[in-house]
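>>> here's my sequence, what's the structure:
(chains A and B)
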Amino acid sequence: MLLTLKRKYREEVLAASFLWPSLLILVALLIYPLIDVVRLSFHDSNLQREVWVGFGNYIALANDPLFWRAFWQTVVFTFFSVLLHLVIGLGLALLLNMNLDPAFRTVARGLLIVPWLLAPTVAGMIWVLMLQPFGVLNGLLASLGFIDANFTISWLGDPATALGSVTAMNVWRAFPFFMVMLLAGLQAIPKQLYEAAEIDGASLFRQFWHITLPQLRGVITTIVLLDSIWTFRAFDPVYVMTGGGPAHASEVLATAIYFDGFQKLKFGYASAEAVVMFIVLFIVSAIYVRRTMSNQQ
Amino acid sequence: MTVAQPIAAAHTRPFLGKIGIRGRERLINIVAYVLLLVAIVIVFFPLAWMLTVSVRPNIEVMRMPPEWLPQVFTLEGYRKIFASPRYLLVFANTMVISLLVTVLSLILGAMAAYALARFKFAGQRAVLMFLITTQMFPLVLLCIPYFRIFITLGLYDTRTSLVIVYLTFTLPFCILMLRSYFINIPRDIEEAAMVDGCSRLGAIFRTLVPMSYPAFIGAGLYTFLLAWNEFLFAVVLIESWENRVLTMAIYSLMAEFVTDWNTMMAFSVLASLPLVMAFIFLQKFMVQGMTAGALTS
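Below you'll find the model as predicted:
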């Protein structure tokens, strides 16, 4: 009796001792800084001194057109990135899921994943090179006759095209994630569903609309939520390609927070911006967490 | 009604009707191959451009119309990098930091995952929810407190600081992925080993760890990729050249030598090479890690 009790107790201690190192590290690295940022957002701070300003930073923020500009540009950047990831990823996943030679399928999938392996910094730099006024994209467009070789487009230097160019790079780098996830989802759909539809004479489009899409709904919702969160908080693509410019035309929240904090040294104000960003992300995350947790129990 | 459809279709589409179901399927398949090949060409264009620019002199980079193949082949860019101790140190730094982060995340992650998969305890659900939420954290929010904390601790501008902060996003991922794998391994196997006289730790190392090697490789590769490609924390926490990592060095190169595209692309090729090589040999595990990253249930 005593022996079994001791043994049981020992297991609980074992469980706790296995879990605590990770939990301690994560609380120290995530919860403490979060509290610190919230505290700082009520102060005026340049790291040397801190002055309590109450909601001052938040009021200033609400009246700051630059903040709202960055906010809406982040929304636009996220919306088009995620939409194009989904469209391209789904298209390629459907193609890869067709009755192809298995070796060809493996090689094609492997090749199409490569952009996703690159650091956003590296990918961004390749695109900066291609998008120069005398870069290869303009060269290609000129030799195809779309633009005049003497009046090339400065993709990253023109406010009209800067954010779109960054979005294009981000679409190119991250679509493989959607493709791989959707291909896995497609392969999990039972073949009998299609056989039954075939017997009923349903067209390929109807099969896609009534079988494929409903069966993929779970995967699509998950990856759209995840990608929205990841894109909304993205820093590297914008920082590397345009630095938020020209004249804030491609500024997003992450770069605005970085510049306010680490260049203008307005740490209190930057913290307030970060808290707003956190709240937005937290709402989307809550939906995602609820979905994941209900799948688990 | 539905049965009548194929006949109607055959009448309204005489061409497809004539070549028959078999022919139609083959036609669709050929279209799929062609579309996939086109997609591969488009997706690979930026990568191919990176490669050709890395082996051509700088005067050949911005030509209108572009030269598709280098007119003069040169390894000048690569030579510059291998001749510079400063650049080589950056590669060594990134390798050591990424490996350390991977090993730490796997060890700590496996311990926590085991506790979550095998024991029932109060607050387990809360721990899981916390772990899932951490993956959605806006990392730019953490920069401000990390900057302050590491200055206070005297760890600002050290490679140690990067190893610590990278755990914020690699550790939760490793825990969740390994946990989902451990759960699917029956506990009878461990218990049988324990009946045979193994201690619990002995049983874990003799049964569970070897059996879940795909999860360890998948999680390890994905962790390595995240650490290798990270940029934001490196920008905020590192200042001197001897502590820099690749992504940051690439960005500094772009700012310092605006027109030395040849060296920058050679640097990009070398920076991407380890991940691409690992991917070629371990595609299966990597894809597993990628999908598990999203579906950590």
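>>> enumerate every residue touching residue 68.
Here I'm looking at chain A. For residue A:68, the contact set (Cβ atoms under 8 Å, 6 or more residues apart in numbering or on different chains) is empty. Using the backbone N, CA and C atoms, a C-beta is placed for each residue, glycine as well.
>>> switch to chain B, that's the one I care about
Contacts of residue B:68 (Cβ under 8 Å, 6+ apart): residue B:52.
>>> sec struct for it, please.
coil (DSSP: H, G, I helix; E, B strand; the rest coil).
>>> please report the distance of it from residue B:54.
Taking Cβ to Cβ, to the nearest Å as the measure, residue B:68 falls 15 Å from residue B:54.
>>> which stretches of chain A form strands?
Secondary structure of chain A (DSSP state E): strands at A:43-45, A:50-52.
>>> pull the distance from the first one to the chain's centre.
The reference is to strand A:43-45. Offset of strand A:43-45 from its chain centre (Cα atoms, centre = their mean, to the nearest Å): 30 Å.
>>> picking that back up, nearest to chain B, of the strands of chain A?
strand A:43-45 (9.2 Å; Cβ to the nearest Cβ).
>>> what is the mean pLDDT for that closest one?
What strand A:43-45 shows for mean pLDDT is 87.
>>> likewise stretch A:135-155?
Here the average pLDDT along stretch A:135-155 is 82.
>>> so which bits of that stretch are buried?
A:135, A:136, A:137, A:138, A:139, A:140, A:142, A:147, A:152, A:153, A:154, A:155 (16 or more other Cβ atoms under 10 Å in any protein chain shown).
>>> what about residue A:231, how many residues nearby?
21 (other Cβ atoms under 10 Å in any protein chain shown).
>>> ignore what I typed, I meant residue B:154.
Neighbours around residue B:154, by other Cβ under 10 Å: 9.
>>> any idea how far it is from residue A:234?
Taken as Cβ to Cβ, the span from residue B:154 to residue A:234 is 31 Å.
>>> buried stuff in stretch B:22-35?
B:24, B:32.
>>> mean confidence for that stretch?
In the prediction, stretch B:22-35 has an average pLDDT of 86.
>>> would that stretch count as contacting chain A?
Yes: applying Cβ under 8 Å from any Cβ of the partner chain, one finds stretch B:22-35 touching chain A at B:25, B:28, B:29, B:32, B:33, B:35.
>>> okay, now the unreliable bits of the chain?
Looking at chain A here, since you left the chain open. A:1-12, A:295-297 (pLDDT under 70).
>>> the intended chain is chain B.
Using pLDDT under 70, chain B drops low at B:1-20, B:258, B:289-290, B:292-297.
>>> name the pair among the buried residues of stretch A:135-155 with the greatest separation in space.
Using Cβ to Cβ, the buried residues of stretch A:135-155 reach their maximum pairwise distance at A:140 and A:154, which is 15.7 Å.
>>> just the helices in the stretch 1-150 of chain B please.
For the stretch 1-150 of chain B, helices defined by DSSP state H, counting those that start in this stretch occupy the ranges B:5-12, B:14-54, B:76-83, B:85-118, B:124-134, B:139-153.
>>> tell me which other helices or strands the last one touches.
Taking 3 or more Cβ pairs under 8 Å, 6 or more residues apart in numbering or on different chains; DSSP states H and E as contact, the helices and strands that helix B:139-153 lies on are helix A:32-40, helix A:253-258, helix A:267-296, helix B:159-183, helix B:232-237.
>>> which member of the residues of stretch B:22-35 next to chain A is positioned nearest chain A?
Closest to chain A, out of all of the residues of stretch B:22-35 next to chain A and judged by Cβ to the nearest Cβ, is residue B:32, at 4.6 Å.
>>> pretty sure that closest one is touching residue A:100, no?
Yes: using Cβ atoms under 8 Å, residue B:32 is in contact with residue A:100, at 6.6 Å.
>>> the residue nearest the centre of chain B: what's it in contact with?
Centrality entry for chain B: nearest residue to the mean C-alpha point is residue B:225, 3.6 Å, by Cα atoms, centre = their mean. Taking Cβ under 8 Å, 6+ apart, we find residue B:225 in contact with A:117, B:275.
>>> mind checking the SS state of it?
helix.
>>> mind listing what's buried in the lengthiest helix in chain A?
Counting residues, the longest helix found in chain A (DSSP state H) is helix A:65-96. Buried positions in helix A:65-96, judged by neighbour count with 16+ other Cβ under 10 Å: A:67, A:70-71, A:73-74, A:77-78, A:80-82, A:84-86, A:88-96.
>>> ok, which of those also contact chain B?
Answer for these near chain B (Cβ under 8 Å from any Cβ): A:92, A:95, A:96.
>>> show me the contacts for residue B:134.
Contacts of residue B:134 (Cβ under 8 Å, 6+ apart): A:26, A:30, B:168, B:169, B:172.
>>> likewise residue B:44?
Contacts of residue B:44 (Cβ under 8 Å, 6+ apart): A:111, A:114.
>>> what does the one 3 residues further on give?
The contact partners of residue B:47, by Cβ under 8 Å, 6+ apart, come to A:114, A:115, A:126.
>>> give me that answer again for 6 Å
Going by Cβ atoms under 6 Å, 6 or more residues apart in numbering or on different chains, residue B:47 touches no other residue.
>>> show me what from the stretch 51-200 of chain B comes close to chain A.
Proximity of the stretch 51-200 of chain B to chain A, by Cβ under 6 Å from any Cβ of the partner chain, involves residues B:62, B:64-66, B:108, B:111-112, B:114-115, B:119, B:129, B:132-134, B:136, B:138, B:140-142, B:144-145, B:167-168, B:171.
>>> out of those residues, which are buried?
B:62, B:66, B:108, B:111-112, B:114-115, B:129, B:132-134, B:136, B:138, B:140-142, B:144-145, B:167-168, B:171.
>>> returning to that earlier point: among the helices and strands packed on helix B:139-153, which comes closest to residue B:278?
Closest among the helices and strands packed on helix B:139-153, using Cβ to Cβ: helix B:159-183, at 16.0 Å.
>>> give the buried residues for the next helix or strand after the closest one.
Per DSSP states H and E, helix B:159-183 leads on to helix B:187-195 as the next helix or strand towards the C-terminus. Residues of helix B:187-195 classed as buried under the neighbour-count rule (16+ other Cβ under 10 Å) are B:190, B:193, B:194.
>>> these two touch, right, the first one and residue B:203?
Yes: with contact defined as Cβ atoms under 6 Å, residue B:190 and residue B:203 form a contacting pair (4.5 Å).
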